[in-house]
Structures are given as structure tokens and as C-alpha cells.
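Asker: Sequence first, then the predicted structure, then my questions.
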Amino acid sequence: MTATTTAPSGPTTPSPQRGTSLASTAEPRVDVAALTEQLLGRYATLRREARALTGRPEFQKIEGLPMAEHRERVLHQLRELAAHHDVLRAFPARLGGADDHGGSLARFEELVAGDPSLQIKAGVQWGLFASAILHLGTEHHHDTFLPAAMSVDMPGAFAMTETGHGSDVASIGTTAEYDRETQEFVIHTPFRAAWKDYLGNAALHGRAAVVFAQLVTAPEGKPRVNHGVHAFYVPIRDEDGAFLPGVGGEDDGFKGGLNGIDNGRLHFDHVRVPRTHLLNRYGDVAEDGTYTSPISSPGRRFFTMLGTLVQGRVSLDGAAVNASKIALAIAVRYANERRQFAGAGEDEVVLLDYQRHQRRLLPLLAETYASTFAHEELLAAFDEVFSGRNDTPETREDLETLAAALKSTSTWLAMRTVQECREACGGAGYLAENRLVGLHQDLDVYVTFEGDNTVLSQLVGKRLLGDFAKALKAGGAGDVARLVADKAVHRTLLVRAAQTIADVGDARRSAGQLRDEETQRELLTERVEVMVAELATALRPATKLPPAEAAALVNSHQHELIEAARAHAERVQWEAFTRGVHAATDPGTRQVLTWLRDLFGLTLVERHLAWYLVNGRLSAGRARTVSSYIDRLLVRLRPYAQDLVDGFGFAPEQLRAPIASGAEKERQDEARAYFRTERAAGRLAVPEKHVR
């Protein structure tokens, strides 16, 4: 199955037609339907159902809608989802859910095609507020609070972030001190920086909140003890929307995007809630003020509580990948139809026939495919843990690390992709009707909420260092020596010279080695391993330094820590892409996906070429072949660009961009027909340069 072919251009920029290529006489064809099925993955049916919703006008964003109207529209959409559209799959079956955690996220991720504000509003209500009750509470809380949260009879906020503390949740200032006399917790905001901020549903719609605060107890005759951050169910408004006594707040107002969500601030002045409003799955307070927890370590308890809320990062990863797909589907379709500048023939040249335009879009297309396959594996890991089929401390830690790595990578990718697609569509891309500027505005905050990407990358880097330390401890000093020796050997001029000699006179052999799957794997893997080993060596003295000096040493290597984490995420994506290639059943599709995977892998090598040269992983001669082979891959992939974005499976009603509707092709065809007619009739004026 193939889409329409592009028209020919001038001889200086040959336009390969679909089904033909420069590579061989028997070119592969892409089975678009099978590719779509593979990309939709395990939850294809649920994704299609969600996409059908986003194709309906009542669930679509109206660009330029005033903020107040947008907010009310999204609240109405949210209630419609709850009432009619099977969005409660993650919740217990006994309460009307389906105990289907992975399927639930798969549906929510697709809402970004309708309106990102709706996707995030749904995430606030069900993925944060209701899920906190589910995962941090016990059966009493499930029975008491969940039904209204699930049905949106009780719109809720997730009050964790504070004006003064976002990423550093452990240091938030809000307190919840237990009063033995009344058996109540007193929720209090002691200073302005402790106001809860940026909270969806807080400005207008929220009537309750899950509030995170420092839990303080003082059993009779014992000192006051801070047991760290815990979550509490706190009513904040009455049925008329007025703040309850002691609760106050502000509207965050107009934002850079996502203005269908009523983000706001909350503060508390000695607000009392019953002892039973503590969501006490991981820590409880008895009537006499005695604190107990099934997890003795405060640090592990804290990270366990936060880990139960990892689904927010998983869903943002999927939504960001979908946003990249939408942007590319619009930009590639437009680039296949829009013509600009005359070639040697009579017709102007299709944009995607220009090498620079291919360079702009096709590597992003390859990276989006890598992100798609990686996200599907993340979703499977999430479902394994949260279904209970494979829920252990180790698998939870693995899930948190993978979610942090991929959420960071995909949200940064979405911002780069949407911006590049916007620019590649010229003035048409700047029109709100063509979706790209709106997507950019709405997706911008994805890189900082549910965990700032830079902070999440540090989390990943620390996990890599921890795993490295465990491996060395298990292997002994010999492994350390081997790693150091291996690194030193690769940096010697002797090895560089040997590789250069092997490459001289045979650029094909060099390129052939670079496109080899094992060579790419080795290059990407070695980069992570060397970076982590170097970082571990540099930070080893910290274990013997005073705290202040140790902190300064770690701080001086933050950049390397983040770069190692990003290198790890890239390798994870490449491996997932490779598994996706092998899973393709149609031979032609598998071949095209292999080229696309090679483009992704070699683009990563090209992006970090300085590192490979400095560390002796590539000779200068072989490094020169990286870009040239990427250019060859662009030529091979050019005929399949439309098939590859069609494989995303988005219909016109999900794209909703006039420039991706075929209107541009109609305009171009009309213009070409006009000039052909005028030329044939001899009515075209002679260009001045021809007269001279």
C-alpha cells in the first residue's frame, strides 16, 4: 500500500518516485496498513477509539478561544469523557474501572490530537488527583473519595509543587501537624514560598485537593518529629465554588499554552482535616500520635510514594511522541505538495526533493519512530508493575528510571520537531489554523512539569552511577583495571592510525561498517559506558570528602552526569527501534524501517562526532563518512517519507491542518495547468534575459 507519488523536479535535484530508488532495481514497498497496526501497538483498539473521539468537533481545540470559554469547554469535555467514553480503565473493577493501567494511559495519550488542554486536564483529574487517592490511600479512601473523583462530581487538584520548591519535593514548606486532642491534622502554609502553585483545577474548578505536606507528630511525652512528605485529602471549596474557611488562592492567569486548564495557587491557614484524611498506605498516625510505616527508611518511603505517581511521566512521554507525529504528518504532506523555485524543467521543485529539506525533517522522523517504539516498551513495563504481575522494588526502580529517561527525551524532541516543522512550512506554518504554533505553545510546559527534564536526567545519571558501582563491587578490582585500560587503549594514536589505514581507499567499506547493526550498537553502548566510567572515577573522591566539598565536587560534574543520562536514553531508543525493525513482518516495510533506524543511529553518531573522535572511537577518515552515508540514506528514504508519516494512522480530522488536506496540491496543480496552457498557446511573455 502506498500513497500518492511526488511530481518530478528539475534535473539538478532528481525526484525519486515512490517504489523507485537509487539503491537497487527491485525496491521495497511499505505496507502502510501493517505499519500502522505495528505502531499502534498492543492497545491499538483503545487508541483508535480515542482517536475517533478527537476527530469529533466537540472534542477539538478551537484556536483563539478566550481563556474563560476554553476552560469551561474543557471541563465539559472532561465530564463527557467520564460519562460516556470509558476513561476509567485504570481504576478498580469494583468501582467501575477495568484494572487496565496500560490501556488507560494509551487512551489518554491520544487526546493530545484533540486538545492538549483536555489531555492534561484529564491527567490532573484521573492521573494525579484520583490516582493519588488510589495508590497512596487504602480501602477506606477508595470507597469514600474515589467514586466522586472518578465521575468528576468532585473535581480535584494535585497540590505538590510549591512556588519555592518544584523539583525538590522533599523540601516543601507546607506542614500537617497532628493534634492529639481533636484527632485532626492542621494543614498550614507558613510562608509565601510554600504556597502550592501551578496546580490544574486550583483556580476555579477544584473542590478538593490531595495536598502534600511535612507530617509532624508529637505523641505524649515525646518530641515533635517530622516524618517527611505525606499526602492528605483536603476539601478546598464548597458547592458554590467559594473557598472554605482557611483556604485561599489565586488564578495563575493566562499562560504560554494550555489555557483550557485553570491553573492556580492554593494556601492554607491552619486548615483542619480528620486524621483519616491522611492517605496512609505508606505511613499512618494512630489516635495517640504514634507514627508507623511498613517502610522503615524515610528516604525509601518518600521515593516509594512518589514512584506510585510515575504514570504522569509515562503518559507525557506518549503524548509528546504523538505531538511529534502530528507535526511531521503535517510538514511532510506539505513538503510533498508545495513547490518552490524552478528547476531545469518547466515545473518548480517539490520542497521535499531538496536535500536540505530532507535533512530538516527525515532525521526527526527517524527519532520519532525510535521514540514510538521506546514508548510502547515503557507502557508495557508500566502495566507489568501496576497490574501487579511484576511488581518488585527493583522493577519499580527500573520503571522510574526508564520513564524519567524517555519523558525527558521525547518532550525535548517534541519541541524541536514542532519548531522545525513550523519553520519548514514557512508562513503557512505560522497560521494558527495549521496547528503547529498551537502545538508548540501547549507542549512547551511538557519539558518542565511532572519533573523538569534536567532534574529527571540527573535522576537517570545517578541510577547509572549506582548500577556501575554495584557492577564493580560484584566484579572486583580487576574490572576497574580493565575499564581503565580499555579506555586508555582506545585513546592511543596507534589504534587511530590502524583504523585510518584500514579505511583509506575504501569509503564503501567504512560506510558499510557504520550501517552495520552491531557497529551502531557498539558505538552507542561504548559512549554510555565510557561516560559513566569517567564520571564514576571523577566522583570517587567524594566518598572521603567533607559534605560541603563532596557536594561541590558533584556539582562540578553535573553536565557530564546529564550528558551520560541522555546518551543512555538514546541507546534505549535505538535498541527499541531495532526490536521494532525485527518485529516488522512485511519484508519491504522491514527494509525501509532498517534504513530509518540506520538514519537514527548515524544521526546520533554525527551529533556526538566530537566525542567519538576525542575518545578514539572513530578515525577522522571514518568520521567523514558518517555525514555522507546519512546523505545517501536520505535519498533512499525520500520516496517513502509519505508512507512513513501515513503509518502514524492519523486521519485528516485528527490533523486538522489545511496545508495537510490536499489543498496545497490543488493550488499547485492549478498553477501548473495554467502555465502549461499559456505556454502551449504562445501567450506567455518572454523573460527579459531571453530577449537580451
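Answerer: Now that the structure is in, tell me what you want to look at. Numbers count the residues shown, from 1 in each chain.
Asker: Skip ahead from the strand or helix carrying residue 579 and say which helix or strand is next.
Answerer: For residue 579, the host element (DSSP states H and E) is helix 558-583. Using DSSP H and E, the helix or strand that follows helix 558-583 towards the C-terminus is helix 587-607.
Asker: now the helices for the stretch 451-600 of the chain?
Answerer: Per DSSP state H, counting those that start in this stretch, the stretch 451-600 of the chain carries helices over the ranges 453-475, 477-490, 493-503, 507-514, 517-539, 547-555, 558-583, 587-607.
Asker: May I see those helices organised as TSV, with distance to residue 300 added?
Answerer: (Glycine included, C-beta is placed from N, CA and C.) Converted to TSV, the helices of the stretch 451-600 of the chain look like this (distance: least, C-beta to C-beta, whole Å):
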stretch	distance to residue 300
helix 453-475	14
helix 477-490	28
helix 493-503	45
helix 507-514	44
helix 517-539	22
helix 547-555	21
helix 558-583	22
helix 587-607	35
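Asker: Run the angle between the helix holding residue 579 and helix 453-475 for me.
Answerer: 80 degrees (axes from the mean of the first three to the mean of the last three C-alpha atoms, to 10 degrees).
Asker: Remind me what helix 558-583 packs against, helices and strands.
Answerer: If contacts are counted by 3 or more C-beta pairs under 8 Å, 6 or more residues apart in numbering; DSSP states H and E, helix 558-583 sits against helix 355-386, helix 393-424, helix 453-475, helix 517-539, helix 587-607.
Asker: so which of the ones you listed comes closest to residue 576?
Answerer: With respect to residue 576, and counting by C-beta to C-beta, the nearest of the helices and strands packed on helix 558-583 is helix 355-386 at 3.9 Å.
Asker: Which elements pack onto the closest one?
Answerer: helix 101-110, helix 311-337, helix 393-424, helix 558-583, helix 587-607, helix 620-637, helix 641-646.
Asker: The third one - contacts with which helices or strands?
Answerer: I take that to be helix 393-424. Partner elements for helix 393-424 (3+ C-beta pairs under 8 Å, 6+ apart): helix 298-307, helix 311-337, helix 355-386, helix 426-430, helix 436-443, helix 453-475, helix 558-583.
Asker: Among those, show me which one is buried the most.
Answerer: Most buried of these by mean neighbour count (mean count of other C-beta atoms under 10 Å) is helix 311-337; its value is a mean of 28.
Asker: Next, the angle helix 355-386 makes with that helix.
Answerer: Using the same axes, to 10 degrees: helix 311-337 against helix 355-386 is 160 degrees.
Asker: Which helix or strand lies directly C-terminal to helix 311-337?
Answerer: The first helix or strand that comes after helix 311-337 along the chain, using DSSP H and E, is strand 339-342.
Asker: hmm, back to that, tell me what angle the helix holding residue 579 forms with helix 517-539.
Answerer: 160 degrees.
Asker: before we move on, the earlier item: just tell me which of the helices and strands packed on helix 393-424 ends up closest to residue 130.
Answerer: helix 311-337 (11.2 Å).
Asker: quick one: average pLDDT of the closest one?
Answerer: Mean pLDDT, computed over helix 311-337, is 97.
Asker: Throw the helices of the stretch 451-600 of the chain into JSON lines and include distance to residue 308 and mean pLDDT, thanks.
Answerer: Shown next, in JSON lines, are these (distance: least, C-beta to C-beta, whole Å; pLDDT from 0 to 100):
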{"stretch": "helix 453-475", "distance to residue 308": "16", "mean pLDDT": "88"}
{"stretch": "helix 477-490", "distance to residue 308": "35", "mean pLDDT": "44"}
{"stretch": "helix 493-503", "distance to residue 308": "49", "mean pLDDT": "45"}
{"stretch": "helix 507-514", "distance to residue 308": "43", "mean pLDDT": "63"}
{"stretch": "helix 517-539", "distance to residue 308": "28", "mean pLDDT": "93"}
{"stretch": "helix 547-555", "distance to residue 308": "28", "mean pLDDT": "92"}
{"stretch": "helix 558-583", "distance to residue 308": "23", "mean pLDDT": "96"}
{"stretch": "helix 587-607", "distance to residue 308": "33", "mean pLDDT": "97"}
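Asker: Now tabulate the helices and strands packed on helix 558-583 in a markdown table and tack on distance to residue 616.
Answerer: Formatted as a markdown table, these follow (distance: least, C-beta to C-beta, whole Å):
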| stretch | distance to residue 616 |
| --- | --- |
| helix 355-386 | 26 |
| helix 393-424 | 27 |
| helix 453-475 | 21 |
| helix 517-539 | 10 |
| helix 587-607 | 14 |
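Asker: where in the stretch 251-400 of the chain is pLDDT low?
Answerer: Residue ranges of the stretch 251-400 of the chain with pLDDT under 70: 343-345.
Asker: Could you give me the buried positions within stretch 93-109?
Answerer: Under the neighbour-count criterion of 16 or more other C-beta atoms under 10 Å, stretch 93-109 has 97, 100-109 buried.
Asker: sorry, that was for stretch 170-182
Answerer: Under the neighbour-count rule (16+ other C-beta under 10 Å), stretch 170-182 has 172-178, 180 buried.
Asker: of the residues you listed, closest to residue 284?
Answerer: Nearest to residue 284 among the buried residues of stretch 170-182, with distances taken as C-beta to C-beta, is residue 178, at 11.0 Å.
Asker: re earlier: nearest to residue 668, out of the helices and strands packed on helix 355-386?
Answerer: Nearest of those (C-beta to C-beta): helix 311-337, 6.1 Å.
Asker: what's the angle from that closest one to helix 436-443?
Answerer: Using the same axes, to 10 degrees: helix 311-337 against helix 436-443 is 170 degrees.
Asker: ok, of the buried residues of stretch 93-109, which one's closest to residue 260?
Answerer: When these are compared against residue 260 (criterion: C-beta to C-beta), the nearest one is residue 108, at 15.2 Å.
Asker: pretty sure that closest one contacts residue 315?
Answerer: Yes. Residue 108 lies in contact with residue 315 (C-beta atoms under 8 Å); the separation is 5.4 Å.
Asker: Now for those two: what residues contact both?
Answerer: 123, 127 (C-beta atoms under 8 Å, 6 or more residues apart in numbering).
Asker: List the contacts of residue 30.
Answerer: 1-2, 586, 588-589, 592, 640, 643-644, 647.
Asker: What is the neighbour count of the closest residue to it other than its chain neighbours?
Answerer: In space, and not counting its chain neighbours, residue 30 is closest to residue 643: 4.0 Å by C-beta to C-beta, 6 or more residues apart in numbering. With neighbours defined by other C-beta atoms under 10 Å, the count for residue 643 comes to 22.
Asker: how near is residue 643 to residue 321?
Answerer: 19 Å (C-beta to C-beta, to the nearest Å).
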